[in-house]
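**Student:** Sequence first, then the predicted structure, then my questions.
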Amino acid sequence: MKVLLYLEGENLIGKSGIGRAIKHQQRALEIAGIPYTTNQKDDYDIVHINTYGPKSLALLNSAKKQGKKVIVHGHSTMEDFRNSFIGSNLVAPVFKTYLKKIYQAADYIITPSEYSKSLIENYGVTTPISAISNGIDLAKYQPSPEKEKTFREYFEIAPEQKVVISAGLYFKRKGILDFVRVAEQMPEVRFIWFGKINELVIPTDIRKVVEKDHPDNVLFPGYFKGDIFEGAMSGADTFFFPSYEETEGIVVLEALASHQSVVLRDIPVYEGWIDGDSAELCHNNEEFVASLYRTISKEVDKREAGYQVATTRSLDNVSKQLAAVYQRVMEL
């Protein structure tokens, strides 16, 4: 059995959650000892498609004609497409119809969470679906004093300075406006939002906030990976993610794996795996401010419980689940 892992438009979305997800798939297959390729010209038995553009659809149709098995990864839904790019709300119903076509044409679907599985099933899709986490490399995110020092030195953070971080594309759906409004109420705390996307594709109000309409204690430094980002995940005082809609939230897993305090919006995707024992779950900006002050001061400390959540979604566990699905698909 050999698997083709496919990602269309890597230059555009390689820095997104989907881009990180396919890296996790590669590592999971290495752990499971399953041969894989990312080259369409190679021979393969199963194609695991992670994207939904015209090239992805063409590959799906071509593979089916050749008698290959096709898995489509349910990273995207109409719900998480809304409030993202310019015009996304207008075309969201059309996108849903398109997604339904792709999902229905596959032999199997893998989704990152039970929540996203339920959304796709409610579209009327009858293709078999398994919910398997995108996974997390626990070793990569273990706290490191060296990485934390690199993070704090890069941003010139004084030892006594409190820091709240978040990460994501510049989407309204991600709660970026709430991130800024909460920061306005906590001027003595530094807020850093990691991530970037071409600002020409996002609405004007979001662009203005990122470029200039934010308080002095908020920083949008762009996309980071490696020691600075990993040092931020464990070296900040809290990870604050006010997203309104996710299919899982890889950055949340990264924060939990970093033994970091986590403040989240209480949304359906977390049901069944993150609760009030492992994270602060809030409903509005007033609650966010209160929870952030509690976590920053260590009045509440749920880091160990949060880390235990991350261990359940380790790449070791994900590799076993992926291997089981691939075997099932080969027998269809």
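**Tutor:** Cool, got the structure.
**Student:** Wait, F229 touches F194, no?
**Tutor:** Yes. Here F229 reaches F194: they are 6.2 Å apart, a contact under CB atoms under 8 Å. C-beta: built from backbone N, CA, C; applies to glycine.
**Student:** Common neighbours of those two, please.
**Tutor:** A167 (CB atoms under 8 Å, 6 or more residues apart in numbering).
**Student:** Now I202: closest residue in space that isn't a chain neighbour?
**Tutor:** Spatial nearest neighbour of I202, chain neighbours left out: Y170 (5.1 Å); criterion: CB to CB, 6 or more residues apart in numbering.
**Student:** From D80, how far out is that neighbour?
**Tutor:** 15 Å (CB to CB, to the nearest Å).
**Student:** ok, now R207?
**Tutor:** 20 Å.
**Student:** Show me which of those two is the more surrounded one.
**Tutor:** Applying other CB atoms under 10 Å to R207 and D80 shows that D80 carries more neighbours, namely 23 against 16.
**Student:** Any idea how many residues pack against the nearest residue to that one once chain neighbours are set aside?
**Tutor:** With sequence-adjacent residues excluded and distances taken as CB to CB, 6+ apart, D80 is closest to E245, at 4.7 Å. Counted with other CB under 10 Å, residues neighbouring E245 total 22.
**Student:** E245 touches R173, doesn't it?
**Tutor:** Yes. Counting by CB under 8 Å, R173 is a contact partner of E245 at 5.3 Å.
**Student:** Show me what secondary structure element comes after the helix or strand of the chain with the lowest mean pLDDT.
**Tutor:** Lowest on mean pLDDT, DSSP states H and E among the helices and strands of the chain sits helix 10-13, with a mean of 68. Counting by DSSP states H and E, the next helix or strand C-terminal to helix 10-13 is helix 17-32.
**Student:** Can you give me the buried ones in that next one?
**Tutor:** Buried residues in helix 17-32, counted by 16 or more other CB atoms under 10 Å: 17-22, 24-25, 27-29, 31-32.
**Student:** who's in contact with the residue lying closest to E271 once chain neighbours are set aside?
**Tutor:** Ranked by CB to CB, 6+ apart and with sequence neighbours excluded, the top spatial neighbour of E271 is Y115, at 6.7 Å. Counting by CB under 8 Å, 6+ apart, Y115 touches T247, P268, V269, E271.
**Student:** residues in contact with stretch 294-307?
**Tutor:** Defining contact as CB under 8 Å, 6+ apart, one finds that stretch 294-307 is touched by 162, 164, 189, 237-238, 255-257, 259-263, 274, 277-280, 291, 293.
**Student:** If we use 6 Å, what do you get?
**Tutor:** K162, D237, T238, L256, H259, S261, V262, D277, S278, A279 (CB atoms under 6 Å, 6 or more residues apart in numbering).
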